[in-house]
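J.: quick one, structure for this:
(one chain, ligands or ions: 1)
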Amino acid sequence: MAVDQTRPSYYQATCNDATRHPALEGDLTADVVVVGAGYTGLSAALELAEAGLDVIVVEAETVGWGASGRNGGHVCADFTKSMEELQKELGSDAAPTAWELGNETTRLVGERVEKYGIDCDLTWGYLHAADKPGHIDDLKAMRDEAASWGYDGMTLIEGRDLRDRIGTESYHGALHDPRSGHLHPLNFCKGLARAAVAAGARIFEQSRVERLDYGETGPKARVETARGSVTADYLVLAGNAYLRETAPFLYRRLMPVGSYIIATEPLGENRARALIRENEAIANMRFIVDYYRLSADHRMLYGGRATYSGIEPKDLGGFVRPRMLAVFPQLEDAKIDYVWGGYIGITVDRMPHVGRLGPRCYFSQGYSGHGLAMSNLCGKLMAEAIRGQAERFDVMAKVRHPIFPGGGFRTPLLSLGMLWYRLKDALA
Ligand SMILES: Cc1cc2nc3c(=O)[nH]c(=O)nc-3n(C[C@H](O)[C@H](O)[C@H](O)COP(=O)(O)OP(=O)(O)OC[C@H]3O[C@@H](n4cnc5c(N)ncnc54)[C@H](O)[C@@H]3O)c2cc1C
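T.: Numbering: from 1, shown residues only. So this is what the prediction gives:
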């Protein structure tokens, strides 16, 4: 059984843009056709349309229907890997560019919110919270590594200060990062779509691409839906965890993993701020991460667990709520108003999978749970590459991505692997 994505999310209930786009009918042409209207696709479309190219975005459902309209709203800087690991992977020549790209991710989100006047409750401030005493050394290493690259904005919070800051006894310390933060993900996504349309892009909804021609040998790329087609000089694949078998080469390197979030009833400002005084987004440091934050109307939005088995738990609220109560037992009486889920696209080594399929097709996927800010950047990098400036894109494309082992059995294998990590999280 798959994630039930028909459950209304808190984000859908509080969406501030009811714009609908037509379905694709007939045979159209464009300079660039983009598959998928999440952050990746819309970011590329926005950049390309602003540069004067004729862009068509084809979306199977509606703008932001995928992970971009369902996520935790955490706007995180950097990669999932340390700079030391990146240097090993990319070589020391490419490392400074990678560092700059990591910094640019959240800056780009902030710039776009401001430039296009996107009303999405963007709030800066992030806490990486140490569940175990041993995590403090990891936090210090993160802070010191950032400082060695010229960023000394991270502060370690411990002891009394920590208790004042987060209303829980669960953590041994937390690293504050003012470059990261949180926002309303669906309203942000709708804002990107408005900006892309204002720049001249055309968006078609309810138009699932069923066939792709990457244009590897021919003069054009082409996508086909049930009722139409787009032929273009370039194709951008931005369907991420939702694209699946439509692009087999990409799918073999990506695992769609279900992740779930609950939203409590509004708690009132005082009660909410007693939980997170400075209104930061917070994530813990376990392999299977808990991520949470307050909404603008003072709810706790808690994303607590992922399913790697492909099977949706029967009682979703009961699945995530115990995680929240383990950290905030004072929320025992808080009603759960919304529960929803979506698919995160993860790669084997948790790095974004960015590249080309021939000279006309660009793709970006697999941000492994850190995609809100990173997908915005990767969409921009694809647009740069299509416009002939591929240096930064090529740094990202350098990362090698093995396929998930197991073929048709890869889900049970991954599920087994995750059991091991859960055990490690519990014991370490
Ligand atoms: C529950 C959850 C919580 C998360 N929390 C966070 C977080 O707090 N912070 C963070 O940084 N990241 C988080 N993520 C990950 C983040 O949301 C994603 O990395 C990011 O949104 C990816 O954007 P995207 O545009 O690449 O993909 P998506 O937003 O998934 O967009 C892909 C789109 O392509 C469309 N599509 C697919 N196939 C086709 C086709 N054949 N034809 C036409 N259209 C197609 C889909 O309908 C979809 O709308 C979370 C994800 C989930 C699911």
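J.: C-alpha from now on. contacts and neighbour counts both.
T.: OK.
J.: which residues touch residue 149?
T.: Residues near residue 149 by Cα atoms under 8 Å, 6 or more residues apart in numbering: residue 99.
J.: all further residue positions should be reported with the first residue as 51.
T.: Fine by me, first position is 51 from now on; the one you just mentioned is residue 199.
J.: against the ligand, how distant is it?
T.: In this view, residue 199 and the ligand are 22 Å apart by Cα to the nearest ligand atom, to the nearest Å.
J.: ramachandran angles for that residue?
T.: The phi and psi values for residue 199, taken as degrees, to the nearest 10, are phi -100, psi 10.
J.: what's the answer for the one 10 residues further on, then?
T.: The phi and psi values for residue 209, taken as degrees, to the nearest 10, are phi 60, psi -140.
J.: surely it meets residue 223?
T.: Yes: judged on Cα atoms under 8 Å, residue 209 makes contact with residue 223 at a distance of 7.2 Å.
J.: looking at the two, which one has more neighbours?
T.: When residue 209 and residue 223 are compared for neighbours, residue 223 comes out ahead with 23 against 11, by other Cα atoms under 10 Å.
J.: could you find the closest non-adjacent residue to that one?
T.: residue 208 (4.6 Å; Cα to Cα, 6 or more residues apart in numbering).
J.: helix, strand or coil for residue 257?
T.: coil (DSSP: H, G, I helix; E, B strand; the rest coil).
J.: need phi/psi at it.
T.: Dihedral pair for residue 257: phi -140, psi 80, per degrees, to the nearest 10.
J.: the residue nearest to it when sequence neighbours are not counted: how many residues sit nearby?
T.: Of all residues not flanking residue 257 in the chain, residue 110 sits nearest, at 4.5 Å (Cα to Cα, 6+ apart). A count of neighbours around residue 110, defined by other Cα under 10 Å, yields 22.
J.: for residue 110, give me phi and psi.
T.: Dihedral angles of residue 110 (phi, psi; degrees, to the nearest 10) stand at phi -70, psi -40.
J.: need the three-state assignment for residue 307.
T.: strand.
J.: over to residue 262?
T.: Under three-state DSSP, residue 262 falls in the strand class.
J.: how much space between the residue lying closest to it once chain neighbours are set aside and the ligand?
T.: Leaving aside its chain neighbours, residue 262 sits nearest to residue 273 (4.7 Å; criterion: Cα to Cα, 6+ apart). According to Cα to the nearest ligand atom, residue 273 stands 9 Å off from the ligand.
J.: any idea which helix or strand comes after the helix or strand containing residue 273?
T.: In the assignment (DSSP states H and E), residue 273 maps to strand 271-274. Counting by DSSP H and E, the element after strand 271-274 in chain order, helix or strand, is strand 278-287.
J.: can you name every helix or strand that that next one contacts?
T.: strand 76-85, strand 271-274, strand 411-415 (3 or more Cα pairs under 8 Å, 6 or more residues apart in numbering; DSSP states H and E).
J.: starting at the chain centroid, how far to it?
T.: Distance of strand 278-287 from its chain centroid, counting by Cα atoms, centre = their mean, to the nearest Å, is 24 Å.
J.: same check on stretch 335-353?
T.: Centre-to-centre, stretch 335-353 and its host chain are 14 Å apart (Cα atoms, centre = their mean).
J.: then stretch 282-296?
T.: Relative to its parent chain, stretch 282-296 has a centroid offset of 16 Å by Cα atoms, centre = their mean.
J.: before we move on, back to that, surely the residue nearest to residue 257 and residue 255 touch.
T.: Yes: assessed by Cα under 8 Å, residue 110 is found in contact with residue 255 at 6.0 Å.
J.: residues in contact with residue 94?
T.: By Cα under 8 Å, 6+ apart, the residues touching residue 94 are 426, 428-433.
J.: from what I see, residue 130 and residue 397 are in contact.
T.: No: in this structure residue 130 lies outside contact range of residue 397 using Cα under 8 Å: 11.2 Å.
J.: for the two, indicate the residue with more neighbours.
T.: More crowded of residue 130 and residue 397, by other Cα under 10 Å: residue 397, with 23 against 18.
J.: pLDDT wise, what is the more buried one at?
T.: Among the per-residue scores, residue 397 shows a pLDDT of 93.
J.: which helix runs longest in this structure?
T.: helix 145-165 (DSSP state H).
J.: just give the nearest non-adjacent residue to residue 393, would you?
T.: Using Cα to Cα, 6+ apart, the nearest residue to residue 393 is residue 308, at 4.6 Å.
J.: gap between the most centrally placed residue in the chain and residue 218?
T.: For the chain, the residue nearest the mean C-alpha position is residue 421 (2.5 Å; Cα atoms, centre = their mean). Plainly put, residue 421 is 28 Å away from residue 218 if you go by Cα to Cα, to the nearest Å.
J.: what does the stretch 151-300 of the chain have sitting close to the ligand?
T.: 257-260, 288-293, 296 (Cα under 6 Å from any ligand atom).
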